[in-house]
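Participant: sequence unknown, structure follows:
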């Protein structure tokens, strides 16, 4: 996957998981995505133009940690894998 596609998928995933369907996206040097997930403010920092080949595994790890903190069930994880990002 290209970097833009990965970032777009992560933003759409966080929008799907957010309580109100909204996330705030800001960019100075990196893209920062902020949303309310299960009543808690969650911030995820994405890189706008990463040069590391470890970018995608790093993002997957961050997404897994967020999903674990939200106690997402296996059916939702399968839905996320199918529609957003393969974690």
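Facilitator: Okay, I see it. Values in this document were obtained by computation on a predicted structure and should not be read as measured data. Residues are numbered from 1 along each chain as shown.
Participant: Can you tell me the SS state at the residue sitting furthest away from the middle of the chain?
Facilitator: Most distant from the centre of the chain: residue 51, at 19.0 Å, with distances by CA atoms, centre = their mean. Secondary structure for residue 51, judged by DSSP: H, G, I helix; E, B strand; the rest coil, is coil.
Participant: Check it and give its pLDDT.
Facilitator: Per-residue confidence at residue 51 stands at 77 (pLDDT).
Participant: Can you name the residues that contact residue 46?
Facilitator: 7, 10, 11, 30, 31, 32, 33, 59 (CB atoms under 8 Å, 6 or more residues apart in numbering). The way it works is simple: take the backbone N, C-alpha and C, and place the C-beta from them, glycine included.
Participant: Please determine how far the residue farthest from the centre of the chain is located from residue 73.
Facilitator: 36 Å (CB to CB, to the nearest Å).
Participant: tell me the secondary structure for the residue nearest in space to the middle of the chain?
Facilitator: Residue closest to the mean C-alpha point of the chain, counted by CA atoms, centre = their mean, is residue 10 at 3.5 Å. With three-state DSSP as the basis, residue 10 sits in helix.
Participant: Low-confidence ranges, this protein, go.
Facilitator: Low-confidence segments of the chain (pLDDT under 70): 1, 48-49, 87.
Participant: Show me where it has its helices.
Facilitator: 3-17, 55-70, 74-83 (DSSP state H).
Participant: Redo the ones you listed as CSV? Include distance to residue 46.
Facilitator: Supplementary listing: the helices of the chain in CSV, determined by distance: least, CB to CB, whole Å:
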stretch, distance to residue 46
helix 3-17, 5
helix 55-70, 7
helix 74-83, 17
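Participant: now for those, which one comes closest to residue 40?
Facilitator: Residue 40 sits nearest to helix 55-70 of all these, at 8.1 Å, using CB to CB.
Participant: Need the contact partners of that closest one.
Facilitator: With CB under 8 Å, 6+ apart as the test, helix 55-70 has contacts from 1, 3, 6, 10, 13-14, 17, 37-38, 42, 44, 46-47, 52, 77, 80, 85-87.
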